[in-house]
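Chemist: got a sequence here, can you model it:
(2 chains)
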Amino acid sequence: AQSVTQLGSHVSVSEGALVLLRCNYSSSVPPYLFWYVQYPNQGLQLLLKYTSAATLVKGINGFEAEFKKSETSFHLTKPSAHMSDAAEYFCAVSSYNFNKFYFGSGTKLNVKP
Amino acid sequence: EPEVTQTPSHQVTQMGQEVILRCVPISNHLYFYWYRQILGQKVEFLVSFYNNEISEKSEIFDDQFSVERPDGSNFTLKIRSTKLEDSAMYFCASIPTVSNTGELFFGEGSRLTVL
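Modeler: Purely as a prediction, here's the structure:
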């Protein structure tokens, strides 16, 4: 079965600092991987996705993630945090036929002024 | 931009009552999903639906739950007899035909509170 693990339920960074949110996946086949963001009282929005093309994926709002097969990781980064980045971030993996998506437990990002 | 819409945004119900949550997926999408998120916990898969039948369901999706697409546009989740532990945010999502992107398009959710 596929799954994702997100290390750190809460991450706090200062405005302008590097953001690093960790995600490791467990999959027996090359996966499709996603990062979603959830702002308070809203649904989930796609930040970026990896679908077996380039291993470094760029998403919206300056976020990017790198697929590392050797480490089974898909960590999310942003060079400089902005106050508006405060939200909850979910890593997800899908089955090969997209019949089912598995979400991590989420990481709440707090950005301090 | 097309979007998934859900109603109601918030429903409060008494334990044991039936609840129907409604979703209108994006019009050209063919795969539909229900997920739920209990407050403070992860987003959990409930069920996927394709070609007017359930494709896959989780262990959470027991006999108290059902889904249907009654009129070709709405996609509903019914909980027959709600329990306290059904209190959660329920998200509908959809994707177009099986593609090489698989991006889920989520609605804004329906918050269910069972008293």
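Chemist: from here on, contacts and neighbour counts on C-alpha atoms
Modeler: Fine.
Chemist: OK, contacts around the closest residue in space to residue B:11 that isn't next to it in sequence?
Modeler: In space, not counting the residues next to it along the chain, residue B:11 is nearest to residue B:112; the distance is 5.0 Å by Cα to Cα, 6 or more residues apart in numbering or on different chains. Shown in contact with residue B:112 (Cα atoms under 8 Å, 6 or more residues apart in numbering or on different chains): B:10, B:11, B:12, B:13, B:86, B:87, B:88, B:89, B:90.
Chemist: next, the fifth one: phi, psi?
Modeler: Reported as degrees, to the nearest 10, the phi and psi values for residue B:86 are phi -80, psi -10.
Chemist: ok, of the contacts of residue B:112, which come out buried?
Modeler: Burial by neighbour count, judged by 16 or more other Cα atoms under 10 Å in any protein chain shown, picks out B:13, B:86, B:87, B:88, B:89, B:90 from the contacts of residue B:112.
Chemist: please list the members of these that lie in helices.
Modeler: Judged by DSSP state H, the subset of the buried ones among the contacts of residue B:112 located in helices is empty.
Chemist: in strands only, show me these.
Modeler: Of the buried ones among the contacts of residue B:112, the ones assigned to strands by DSSP state E are B:13, B:88, B:89, B:90.
Chemist: identify the residues contacting the closest residue to the last one other than its chain neighbours.
Modeler: So that's residue B:90. Among residues not flanking residue B:90 along the chain, residue B:36 sits closest, at 4.3 Å (Cα to Cα, 6+ apart). The contact partners of residue B:36, by Cα under 8 Å, 6+ apart, come to B:43, B:44, B:45, B:46, B:88, B:89, B:90, B:91.
Chemist: re earlier: pLDDT and distance to residue A:49 added to the ones in strands among the buried ones among the contacts of residue B:112, as JSON lines?
Modeler: Below are those laid out as JSON lines (pLDDT from 0 to 100; distance: Cα to Cα, whole Å):
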{"residue": "B:13", "pLDDT": "97", "distance to residue A:49": "37"}
{"residue": "B:88", "pLDDT": "96", "distance to residue A:49": "27"}
{"residue": "B:89", "pLDDT": "94", "distance to residue A:49": "24"}
{"residue": "B:90", "pLDDT": "96", "distance to residue A:49": "23"}
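Chemist: closest to residue B:61 among the residues you listed?
Modeler: Of all these, the one with the least separation from residue B:61 (Cα to Cα) is residue B:90, at 12.6 Å.
Chemist: the closest one is in contact with residue B:37, isn't it?
Modeler: Yes: when contacts are counted by Cα atoms under 8 Å, residue B:90 is listed as touching residue B:37 (6.4 Å).
Chemist: what about residue A:4, neighbour count?
Modeler: Residues lying near residue A:4 (other Cα atoms under 10 Å in any protein chain shown) number 22.
Chemist: over to it. Which of the three states is it?
Modeler: Reduced to three states with DSSP: H, G, I helix; E, B strand; the rest coil, the structure at residue A:4 is strand.
Chemist: do the same with residue A:61
Modeler: Reducing the assignment at residue A:61 to three states with three-state DSSP gives helix.
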